[in-house]
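Undergrad: this is a predicted model, with the sequence first.
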Amino acid sequence: MDYHVPILIPEEARALPPPPLFTFGSLACAFMGWSSALIENALRLRPVLYSGVHRQLLGASLGLYVGYYLVKRANYQNAMKDRDIAEYIRHHPEDFPEKGRDFLEKFRPVR
């Protein structure tokens, strides 16, 4: 069996504009990385905020990187879905008639 792990982003994703660095997803992952260092400090009975600041920064920066990558991957997947839907609509115009022209009347302003 061929198992495909959809983690990597293909080369055609380079055509998309890069997402902003600070999105909700990247900041949420950064917060999870930072809070994991805080939880480790609490479990080891250390001062929660003041010990292992380097680990807190490392966790936050790794979380930010992972979140940015996940947002970039989600943007690529959404672009692929949009492309497939637009291609289907272009090849099957009889399934998608133009709407709005049938029931709109000529505009006459009221004074």
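TA: Now that the structure is in, tell me what you want to look at. Numbers count the residues shown, from 1 in each chain.

Undergrad: any idea how far V66 is from I9?
TA: In this view, I9 and V66 are 13 Å apart by CB to CB, to the nearest Å. Using the backbone N, CA and C atoms, a C-beta is placed for each residue, glycine as well.

Undergrad: go on, K99?
TA: To V66, K99 is 42 Å away according to CB to CB.

Undergrad: okay, those two: which has more neighbours?
TA: V66 (16 against 8; other CB atoms under 10 Å).

Undergrad: L16 against Y76, yeah?
TA: Yes - counting by CB atoms under 8 Å, L16 does reach Y76; the two are 6.3 Å apart.

Undergrad: ok, and the closest non-adjacent residue to the residue nearest the centre of the chain?
TA: Centroid-nearest residue in the chain: V71, 2.8 Å away (criterion: CA atoms, centre = their mean). Distances taken as CB to CB, 6 or more residues apart in numbering place G25 nearest to V71, at 4.5 Å, with adjacent residues excluded.

Undergrad: count of neighbours near A15?
TA: By other CB under 10 Å, 8 other residues sit near A15.

Undergrad: and I39, by the same measure?
TA: 11.

Undergrad: so it is in which element?
TA: Using DSSP states H and E, I39 sits within helix 24-43.

Undergrad: CA atoms of that helix as PDB?
TA: What follows is helix 24-43, C-alpha atoms only, in PDB (Å, rounded to 0.1, in the frame of the first residue of the first chain):
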ATOM      1  CA  PHE A  24      -4.400  33.700  14.700                       C
ATOM      2  CA  GLY A  25      -3.100  30.200  13.900                       C
ATOM      3  CA  SER A  26       0.600  31.200  14.200                       C
ATOM      4  CA  LEU A  27       0.000  33.100  17.400                       C
ATOM      5  CA  ALA A  28      -2.100  30.300  18.900                       C
ATOM      6  CA  CYS A  29       0.700  27.800  18.200                       C
ATOM      7  CA  ALA A  30       3.300  30.200  19.700                       C
ATOM      8  CA  PHE A  31       1.100  30.500  22.800                       C
ATOM      9  CA  MET A  32       0.900  26.700  23.100                       C
ATOM     10  CA  GLY A  33       4.700  26.500  22.800                       C
ATOM     11  CA  TRP A  34       5.200  29.100  25.400                       C
ATOM     12  CA  SER A  35       2.600  27.600  27.700                       C
ATOM     13  CA  SER A  36       4.200  24.200  27.400                       C
ATOM     14  CA  ALA A  37       7.500  25.600  28.800                       C
ATOM     15  CA  LEU A  38       5.400  27.200  31.700                       C
ATOM     16  CA  ILE A  39       3.700  23.900  32.400                       C
ATOM     17  CA  GLU A  40       7.000  22.100  32.500                       C
ATOM     18  CA  ASN A  41       8.300  24.700  35.000                       C
ATOM     19  CA  ALA A  42       5.300  24.200  37.200                       C
ATOM     20  CA  LEU A  43       5.500  20.400  37.100                       C
END
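
Undergrad: that's all I had, so thanks and see you.
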